[in-house]
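Student: this one's sequence-less:
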């Protein structure tokens, strides 16, 4: 039993840690249902082709095959998010290598795989567009015939008057940056099991980040009511944004299960993950920056052309974030952005930790740094000078209720400077540099009038044990533990007495899901409020039973104690028994729907968008091998304003993971295509960070006590990756004087930059 | 879509009817889990014996056997209800034929069965007591060594002064009656599947009538916290009281599953059901009745010696009901009862539809009838004269808030007289008679300060579909349908838009379970109130959206409609979307804990005991073959005060089923023992009613609009069986002038009674 110690801010072991490290935790692929079949999907080998015919007769004839699907067997409902351009299986043509063409359910994976090979598809190859700028040209092949110039979406955002402001600036700089596709590469491949129940309802087990949105999307694809589907989530091995939304395989397994009249499991292979897992939106960003001699940032203008890939999921929303969020990092007077999302015959892009924000941060935080260097200003001082602060109303209407940006910059800079190694090694081959980059992100997400809250139910049972229900998903980030800590803290019970229930759309209170770094903030706040409401039931009843005033009673270690004489007390278990099992009829249950007081945005995307805004700065020290161009990250100081730490283990885990993923995105990971054909098809040729590449990471936690989040907390899921890339690029310039403007920063790019620079000198 | 029609009082098809009649509904035995093993239990062949040794080595050595248990492998916790006299497996001795001695889990049922046969048990036979009166004698063998005279429980209840009152009576009668054991014989044999989850928790699937009480009892037996266990209920094929409480097999399968490290299923065979399913408590009842010449009933005295069998479950409580409830049927001035519950080496008795009340009704309703006949009074008039009425405070402190007893007697009597056949057939061999008997029962059950309520949660999802959560069980009686009707009525939606969720102790709101005919009354009331609370959320929000006053809005057919101009409306689906998916953040969810305003009873069992009291009267016409003694029931008029009909199909189903079971109990069913050894071990020699024996049943529904139940409803589960037996006995006396005082009324009893009577004349 934990004594007199708060659960908030401690280093709390994850409540499911033991299950996970002992291998007992059940992930989707550990699940087996009686009579379950295995699905495989036939995918397009071509980036763009017309389907002339499909012959499934040989596949259907293979013993052990229970169902074969082509588009004609599926409901013909288009689905997707803003743009509904997706069908379950390809109808007329295929639009990228990996596009779903046919599906099989069979007794074993091997038979299904064999059957897939027996399906004969006749294709007519079509010209490929693999570059968004070319795709926008008149006469370019169209990915979707009805979409002119392949432009899926465009935004034109303007605050203030950039033209006037640029005219008044001492300096105006222009440059171009680009970032690339990167794959989620979460530990657990995505998948689903579908089972039609005897009463005609559909159960789907899948590790979605948003079970309710997933339920609704699957329903849309199948053309049935959402509540005819129950989505249940087993343990989930990571998502990073790529598991927020459904994939084609979700409705496909449902239709296969229906046709085969048996449960069907489908789990992606790692190769399929690489071919089809929605990677980061890849933009080319033209930036124009106006500043004064004293370092005041005045105006920012951007033109963005982003590669959407073959279908749109979250990419329109991601492009919007990309186009806006960094405008709220500094006190710009005006900003203007024109953005285009363009279809190509490449893998469709979608959400990935940062949700567009990391891309523009790479560009802007690189650009400010290099501009400052050019005119002899200290980039860190410029950033400190211009940083948004608590109380600000930003250009896009964000109300900054808490802000630790300056403290993060200060500390990241200070700590990365301390103990830094000499600028170069003794023989001059290895050069070292430091760089700092900042970030802002949301912790919540309210466009327009949308709900941005969460619901929670808490119930204390007869034995004094507490059950917490939430609709928000834990992909491994530890939100179940955070919820348990919040409930334990408010209710004064031991965390081992708390059960956080698994996700089930029939049972879990409505939650939007795990994205926009919102789960601790709004999901946690709902849990906090539900716990407060149950606590009130406990204290009121204890006051009656102990005949002591409510304000003189506290709950600690599962006992309700009279503060003036601690010998007077009653255990929660005893109290619950008395309350539940007698005419007192106390429910010891509370259901809360919480929505933060954010105002949301207007049609022009102006307004207070998120429950809270998060800030951070990374200081990075790198060394560059000037002979090979190899960059090695030596140290990262990651300073983050988390509002208030709930679980120090969780925050540090997010920082370690985010930094690692940030380094990987910046230096190693790269999806390579040749005329639309992917050359990186697995972990053998798609290079991830390994433990050997990991630098020393120093976490600096800044607490600003946000007024809205539970106990003052803000989200930390996405922010930790955002500033790593530009900080590395800035450190490289500090080390070797070259500016790499396109991700990834491969040794050859650095090598050629150094040598080109050398040539010029 | 149902138009302008109320769901209350209609003939509503059961919401799960299609699943059941098409065979799709999954009962426990339809369930299979991956890696699941099958359990068998070795049972005592002796009614009373000491266990000298158990050798399981051969069983353990049998290939496919995964676990073998004897008492030494099990937690040594005694469990049970008031009297905790049960252990999981026999320790020192066996106390009835069927007592659990050892258990096996194996890959198949056949292997488990084979293994059971390989277990060698050495017994020392002990003298048997199979008669409670003999068991009470000094020197009788003791079933439990620590229980003196084998008396498990005794009650001595007195209201008023019977001695004084008998002295003033014009007539005082004395006689003896007895009723017998009868087996539940529900369609679906009882059973359970136990699975230990990866996180150390235990899931048990089982068709308990009370999942929460079951969870707690299993926890007690295993010695773990109740919330470490999740009890889930598949479809249940009847229970009639015998599935309220757990059996030994529940903790046994849990321990087997633990030892074998795999899920384990156990389902009783029909023979095991007959050997071990708790049958009715069997009492011998001495009655003394004092009345005046005008038919006023004054005083009643009873002495009851009831056979408990080898272990106590609900029998103490049943004996209490048996000793009290009929005292509240008429306006007695005084009553006195002395009751004894006595251990024997027979199958343990427990709950069965009526829960003791049917036994005393047989005695009293037979006795009043025969007494009246003796002194030339009309029994029906006497009953009408003395019947309790609305507003009465009965001898035991019951407050009669609604009472249709007189109307039931009137109608049962009137309708059974109409169209009756001639008193005898033309050759005089077949004689015909009619009889009437009355009943009262509870609809709810609050001893002392106990909770007697129920909880419910209702949630409307984004698509306007309604989910209802309750902790009360549907064994087939149709409570899921009743709950759906109540929710549909209050919320103005189509019943097909309502889902009543399955039972799951982790998720379902706390409910006491299905007994005491309480589910419609208190479970239904909780659903009613939760629906009202959600309706308020709907109307309030619709008022805002439609800009119309709340009191001018109604919900019908899933639309919220402005009553003054029905063209102004919004669908529930649209409204829910607007409320859930926007900053309105309406939960459309309500959780209610309802406890009726009953006062409960004091330590002397005095007080208002039940939310409502139910009344009924059966009129029965029989014909008796005077040569064979065979009794045939020709017609039954079953008049019942149900407060208010929710589902006419359900009420009529309960009446048909109750009457059939009542006739069966009275005329056919009989558990026969020979020195403790059961001779009736299956449906081949235990005779149930069949369709060929069914008389015409006329249901007469009396509505008294109870002030507490939902829409005025009261329970109808148990009442329908209670008066059938005495009405038959009364009709037999009417037909052939003999009074059969001991159940069952077999042809030989009637034959000998007629012939004995003939001898005497």
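Tutor: It's in. Small disclaimer: the values here were computed from a predicted structure and weren't measured.
Student: Does stretch A:695-713 reach chain B?
Tutor: No: interface with chain B: stretch A:695-713 contributes nothing (CB under 8 Å from any CB of the partner chain), its closest point being 14.1 Å away. C-beta coordinates here come from the backbone N, C-alpha and C atoms, glycine included.
Student: cool, and stretch A:255-262?
Tutor: No: Stretch A:255-262 lies out of reach of chain B by CB under 8 Å from any CB, never closer than 11.7 Å.
Student: in that stretch, what counts as buried?
Tutor: Using 16 or more other CB atoms under 10 Å in any protein chain shown as the test for burial, stretch A:255-262 gives A:255, A:256, A:257, A:258, A:259, A:260, A:262.
Student: residue contacts, residue A:421?
Tutor: With contact taken as CB atoms under 8 Å, 6 or more residues apart in numbering or on different chains, residue A:421 is in contact with A:432, A:621, A:623, A:634.
Student: can you rerun that using 10 Å?
Tutor: Contacts here follow CB atoms under 10 Å, 6 or more residues apart in numbering or on different chains; on that basis residue A:421 touches A:430, A:432, A:434, A:621, A:623, A:634, A:635.
Student: okay, it: pLDDT?
Tutor: According to the predicted model, the pLDDT of residue A:421 comes to 95.
Student: helix/strand/coil for it?
Tutor: Classification of residue A:421 by DSSP: H, G, I helix; E, B strand; the rest coil places it in coil.
Student: Can you read off the backbone torsions of it?
Tutor: phi -80, psi 170 (degrees, to the nearest 10).
Student: likewise residue A:303?
Tutor: The phi/psi pair for residue A:303 (degrees, to the nearest 10) reads phi -120, psi 130.
Student: who does it bridge with?
Tutor: Residue A:303 forms beta bridges with residue A:286, residue A:338, as assigned by DSSP bridges.
Student: and what of residue A:678?
Tutor: Assigned bridge partners for residue A:678, using DSSP bridges, are residue A:673.
Student: hmm, back to that, what is the nearest of the buried residues of stretch A:255-262 to chain B?
Tutor: residue A:262 (13.0 Å; CB to the nearest CB).
Student: Please give me every residue in contact with the closest one.
Tutor: Applying CB under 10 Å, 6+ apart to residue A:262 gives the contacts A:33-37, A:66-67, A:105, A:107, A:194-196, A:256.
Student: Using TSV, please lay out the buried residues of stretch A:255-262 together with secondary structure, distance to residue A:594 and pLDDT.
Tutor: Listed next are those as TSV, based on DSSP: H, G, I helix; E, B strand; the rest coil; distance: CB to CB, whole Å; pLDDT from 0 to 100:
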residue	secondary structure	distance to residue A:594	pLDDT
A:255	helix	37	98
A:256	helix	39	98
A:257	helix	36	98
A:258	helix	38	98
A:259	helix	42	98
A:260	helix	42	98
A:262	coil	41	98
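Student: ok, back up a step: out of the contacts of residue A:262, which sit inside strands?
Tutor: A:37, A:66, A:67, A:105, A:194, A:195, A:196 (DSSP state E).
Student: Just the closest of those residues to residue A:468, please.
Tutor: residue A:195 (26.9 Å; CB to CB).
Student: Could you give the number of residues near the residue nearest to that closest one when sequence neighbours are not counted?
Tutor: When the adjacent residues along the chain are set aside, residue A:195 lies closest to residue A:263, with 3.9 Å between them (CB to CB, 6 or more residues apart in numbering or on different chains). Using other CB atoms under 10 Å in any protein chain shown, residue A:263 has 22 other residues around it.
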